[in-house]
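A.B. asks: sequence below, structure please.
(2 chains)
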Protein chains: 2
Amino acid sequence: MIKIKRALLSVSDKTGIVELAKNLQKYGCEIISTGGTKKVLEDAGIEVIEISKITGNPEAFGGRMKTISFNIESALLFDREKDKKEATALKIEPIDMVVCNLYPFAKVKEQNADFEILIENIDIGGPTMLRAAAKNFKYVATITNTNDYAQIIAELNENEGAISYETRKNLMRKTFNHTADYDALIATTMDEFSEIRSLRFHFTDGKKLRYGENSHQEGFFYREIFSQNSLSEMEILHGKELSFNNIADIQSAIDAVKNLENFAVAVVKHNNSCGLASGKSQRKVFEMAWNGDPISAFGSILAFNKKVDLETVEFLCLNDENKQNRKFVEVIVAPDFSTDALAYLQFHKNLRVIKFDPQKSKVQKDVKFLNGAILVQDTDEELYSKMDCVTNRKIEIEKQKKLIEFGLIAVRMVKSNSIIIVRELADGTFQQIGMGAGQPNRLISTKLAIEKAKENFANEYEGKDLEKYFKGQFAKCFLISDAFFPFADNVEIAAESGIKTIVQPGGSMRDKSVIRKCNELDVTMIFTGLRHFKH
Amino acid sequence: MIKIKRALLSVSDKTGIVELAKNLQKYGCEIISTGGTKKVLEDAGIEVIEISKITGNPEAFGGRMKTISFNIESALLFDREKDKKEATALKIEPIDMVVCNLYPFAKVKEQNADFEILIENIDIGGPTMLRAAAKNFKYVATITNTNDYAQIIAELNENEGAISYETRKNLMRKTFNHTADYDALIATTMDEFSEIRSLRFHFTDGKKLRYGENSHQEGFFYREIFSQNSLSEMEILHGKELSFNNIADIQSAIDAVKNLENFAVAVVKHNNSCGLASGKSQRKVFEMAWNGDPISAFGSILAFNKKVDLETVEFLCLNDENKQNRKFVEVIVAPDFSTDALAYLQFHKNLRVIKFDPQKSKVQKDVKFLNGAILVQDTDEELYSKMDCVTNRKIEIEKQKKLIEFGLIAVRMVKSNSIIIVRELADGTFQQIGMGAGQPNRLISTKLAIEKAKENFANEYEGKDLEKYFKGQFAKCFLISDAFFPFADNVEIAAESGIKTIVQPGGSMRDKSVIRKCNELDVTMIFTGLRHFKH
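C.D. replies: Purely as a prediction, here's the structure:
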């Protein structure tokens, strides 16, 4: 415990400073201060020692020199045991606390200040005091964040004006993080002015996961320090700890539903959404998303974009007497759950029920780590730059726009080369009914998507002429491609199955022959102008 | 231009300091110094002003107080125009240069120093001087890196002891990067001591790429600041600028070949290796890698693990009169190219020829960026924890070990669920002959791999009984799965094609029924104990 007998307060953000000072004074602490802080404290009736009384120097050079001095930094830095005699001989009296939050470089930068003003807003005296005091945390407390005042005041009151070693150590840690963040921003800003692009990231609160993607790899989950709505804020309402792969899949699942207006559900397996649906009934949408790939849906990660109700989750049949009917999934994430839905989901011991609003997922930069390097890009937000019908066979684009948009949202969440088949059901629900992912050859993705759609049609059809049913359904479906068709062969395969509408960015050298093939086979083709590769 | 009339030299790394001081003195510059630096300079016959003469204070508290003083920081910080009169009145003489490289916190940390020693190695005076001088870069030069001495000496000699504004501005930028990096390391270290896991990354020299994964996304490529062997060191020997997707694929391609001892080639498309081979002849290996998927290989990224010779690249037929025979690829990366191989590759205008040694790719952490959060894991290095033959049908594992290892290297580079089929050719070349990638349902990956292998067998077979050839080839092939088989159905499909050996990690609830199926169908199964998911 160190009793705070003298404290130095010099803050740009004056929030709460008066109350902190009052609480310090209550236990006999002397307050040293400077400039604006001094005025605020004196106006509140607090007795303050002007810093120049301690430094022995005048405030000089338009305020550039206020605190830096042999006397102040000695008072912060000397070892209260080893250096005691020397300090007495040099007439240095200890300062036990520094409260300082530095010139507001970040704020000034946000206001697009010019170079000169930015330079003026680089604090020199503040970091010096803070770093000196933090180095000597064994005896000195450093406070850099107004959010910490309440806890410090509580501790002062509890300990009659003293602060514990543990608190001082933690404040030291925070101080070096504060000065590191401060200089990080200055450094990247100065780089910018020299036309050097630099990036600094700071992640904290790393949690060790059971393991990484595989059990022989260690895995950790960190929060970005200044991020709002971090995925790390996910609330586990039920179930065991999330795994590395769970977390990665949750991100993909919420990104698949976050831009859909109606009720939407994504079914993600191995980072691809094998099921996606949106519409006016949550239960129906869930069923239709599930039916996009009812085999792979087992063990999947589900994301909902709206509060989940009981009727919806009852589709999982978690308390069905016949265990075969129970649908096992790994994770359900949603902005919220009704009380009865949550109670119902708890039937399933191993299921993780996660509260997180997909709308909060607003990451704007996509970063790929490589060997000693990174690739950084904007996230893929724009869906299309045009919707041009390029074939003789036409559709009413305005009427079908929502379905096409749904298809583009679906296709951009699937690993390239990706082909998606979507349809609109009688009640207006949009459903991904076939998906082909991650193939080096686009033709195979097309085949996979068609095959999956056929399987799904067969599951839902009870009549006798299955082939006819396929054709009828495919005629209503739209086939969406994440990138252009290099050859006409994809059109042939699609047309053969009965697909009449294809949506793709266009832009191939062989667009003409692709369009010719569409015309020959009476297929509509829409060019969107934007590719959606995702690797 | 600022003539350096007084310089303050205080360095922990003494490399080159004498020469710098001599070059300063040559033009009449006074040298101020302290402690160890002063001794080194005086031993070299350089006249030095002891810093206490300037500070007016003694060195105090076991060296904790040496430089920090009203006089030193004023001399660095005052505005040479606006504050001139005030400085004269206060008897402050300007200091025009600070050379300082801070207490070696990083070095001490590397030596696993204890907490007390680390704290002692936090420099307070150094960063204060450097930051003060950098803020006043309009008049002061700051040097933090011994690597910069040569350039500074050259400039001093060129300008008769003066340093230009541009240089001072650049030194300022470097200084704030230096103090930011310094405090970053202190902060993460102090976090560690409080059992908080934090990570700070610093990337620089960002290059704007034409675009990101797609043309509507901006893309950039950055180098990690302290990384050795960064992928950004790739040397473009021929061809146009690399694209975002090229760079990502290059990383995958070099990771696929870097652990293979013999000649190895990877053919990567959309971040999956659709072809991979290794063996004693580079040309043969290239052909066999290409033949893993000769359709997708068009437009692919190729990585070689050894210097590339002419005979090998002639397989691309780049100057074939029949343009149809020319094999178009996007990128070839290799540790080196023979002169004639490089000359040959230049026939292809749009091909990028890149010099980078895959062995240099030693990234140990894999980082996934999410919404305001990251997942961090060790890279997947270990191939297997065991090689247990779990079936009645056996193989000589020792004899087949190299092929199994090749298959595991192949499978871990392919997106999950992944199934790979590999074989050993008569001359000992290992070839990936079939690949199924990125499927939510493992069964489909198995089917894709088998289908691809059949296509490839058909390409190489000229006889009449294709089905028999399939069976004969498959009997020699090993099927490798990145994760366990959840059901026995994969075994059935593999056995039906003629595959006799399956390698998988094991660990499913239904391992017993999977093994039973193998025994029933006379298939060998090896359990490796390690999964290789890659998403």
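A.B. asks: can you map out the helices along the stretch 201-350 of chain A?
C.D. replies: A:244-257, A:282-290, A:310-313, A:339-345 (DSSP state H, counting those that start in this stretch).
A.B. asks: up against chain B, what does the stretch 251-400 of chain A have?
C.D. replies: Residues of the stretch 251-400 of chain A lying near chain B by C-beta under 8 Å from any C-beta of the partner chain: A:251, A:254, A:269-272, A:274, A:293, A:295-296, A:300, A:360-363, A:365-380, A:382, A:385. C-beta: built from backbone N, CA, C; applies to glycine.
A.B. asks: pull out the buried residues from those residues.
C.D. replies: A:251, A:254, A:269-272, A:274, A:293, A:296, A:300, A:360-361, A:363, A:366-380 (16 or more other C-beta atoms under 10 Å in any protein chain shown).
A.B. asks: among those, which lie within strands?
C.D. replies: Of the positions in those, A:269, A:272, A:274, A:366-370, A:373-378 sit in strands, assigned by DSSP state E.
A.B. asks: what residue in the stretch 351-500 of chain A comes nearest to chain B?
C.D. replies: Residue of the stretch 351-500 of chain A nearest chain B, by C-beta to the nearest C-beta: A:Gly438 (2.2 Å).
A.B. asks: ok, that residue - contacts?
C.D. replies: Taking C-beta atoms under 8 Å, 6 or more residues apart in numbering or on different chains as the criterion, A:Gly438 is in contact with A:272, A:414-418, A:445, B:270, B:272, B:415, B:437-439.
A.B. asks: again, only using 10 Å
C.D. replies: If a contact means C-beta atoms under 10 Å, 6 or more residues apart in numbering or on different chains, then A:Gly438 has A:270-272, A:414-418, A:444-445, A:448, A:534-535, B:270-272, B:414-418, B:436-440, B:445, B:448 as its contacts.
A.B. asks: for A:Leu77, same thing?
C.D. replies: A:83, A:87, A:92, A:94-95, A:131-133, A:135-136, A:139-140, B:60-61, B:64-65, B:68, B:124-125 are the contacts of A:Leu77 under C-beta under 10 Å, 6+ apart.
A.B. asks: phi, psi for it please.
C.D. replies: Phi and psi for A:Leu77, reported as degrees, to the nearest 10, are phi -100, psi -20.
A.B. asks: that one and B:Phe193, how far apart?
C.D. replies: Distance from A:Leu77 to B:Phe193, counting by C-beta to C-beta, to the nearest Å: 20 Å.
A.B. asks: got it, and A:Ile433?
C.D. replies: For A:Ile433 relative to B:Phe193 (C-beta to C-beta), the value is 55 Å.
A.B. asks: more neighbours: those two, which one.
C.D. replies: A:Ile433 (29 against 13; other C-beta atoms under 10 Å in any protein chain shown).
A.B. asks: surely that one is within a strand?
C.D. replies: Yes - checked against DSSP: H, G, I helix; E, B strand; the rest coil, A:Ile433 lies within a strand.
A.B. asks: tell me the confidence at it?
C.D. replies: What the model reports as pLDDT for A:Ile433 is 98.
A.B. asks: and the closest residue to it other than its chain neighbours, how far from B:Gly436?
C.D. replies: Nearest residue to A:Ile433 in three dimensions, chain neighbours excluded: A:Ala453, at 4.7 Å (C-beta to C-beta, 6 or more residues apart in numbering or on different chains). A:Ala453 sits at a distance of 19 Å from B:Gly436 (criterion: C-beta to C-beta).
A.B. asks: show me the contacts for the closest residue to A:Ser361 other than its chain neighbours.
C.D. replies: Closest residue to A:Ser361 apart from its sequence neighbours, by C-beta to C-beta, 6+ apart: B:Asn371 at 4.4 Å. Applying C-beta under 10 Å, 6+ apart to B:Asn371 gives the contacts A:224, A:227, A:229-233, A:250-251, A:254-255, A:258, A:356, A:358, A:360-364, A:379.
A.B. asks: sorry, back to before: surely the residue nearest to A:Ile433 touches A:Phe470?
C.D. replies: Yes - A:Ala453 lies in contact with A:Phe470 (C-beta atoms under 10 Å); the separation is 8.2 Å.
A.B. asks: for A:Thr179, grab the count of nearby residues.
C.D. replies: Neighbour tally, A:Thr179, other C-beta under 10 Å: 29.
A.B. asks: Three-state assignment for it, please.
C.D. replies: Looking at A:Thr179 with three-state DSSP, the answer is helix.
A.B. asks: residues contacting it?
C.D. replies: For A:Thr179, the contact set (C-beta under 10 Å, 6+ apart) comprises A:102, A:123, A:126-128, A:130-131, A:134, A:142, A:144, B:127, B:131, B:179-180, B:182-184, B:186-187.
A.B. asks: check it and give its pLDDT.
C.D. replies: At A:Thr179, the pLDDT value in this model is 98.
A.B. asks: where's A:Thr167 relative to A:Phe137, distance?
C.D. replies: Distance from A:Thr167 to A:Phe137, by C-beta to C-beta: 10 Å.
A.B. asks: which residues are in contact with both of the two?
C.D. replies: Residues touching both A:Thr167 and A:Phe137 by C-beta under 10 Å, 6+ apart: A:Ile2.
A.B. asks: neighbour-wise, which of the two wins?
C.D. replies: The residue with more neighbours, out of A:Thr167 and A:Phe137, is A:Phe137; 22 against 19, by other C-beta under 10 Å.
A.B. asks: so is that one in a helix, a strand, or just coil?
C.D. replies: Three-state call for A:Phe137 (three-state DSSP): coil.
A.B. asks: tell me how far it lies from chain B.
C.D. replies: 8 Å (C-beta to the nearest C-beta, to the nearest Å).
A.B. asks: skipping its backbone neighbours, what lies nearest that residue in space?
C.D. replies: In this structure, A:Phe137 finds its nearest non-sequential neighbour in A:Met172, 3.6 Å apart by C-beta to C-beta, 6+ apart.
A.B. asks: tell me how far the host helix or strand of the one you found lies from the chain's centre.
C.D. replies: If you go by DSSP states H and E, A:Met172 is part of helix A:165-193. Distance of helix A:165-193 from its chain centroid, counting by C-alpha atoms, centre = their mean, to the nearest Å, is 22 Å.
A.B. asks: can you pull out the helices in the stretch 401-535 of chain A?
C.D. replies: Using DSSP H, counting those that start in this stretch, helices in the stretch 401-535 of chain A cover A:442-460, A:466-476, A:489-497, A:511-520.
A.B. asks: tell me the mean pLDDT over the third one?
C.D. replies: Just to be clear, that refers to helix A:489-497. 98.
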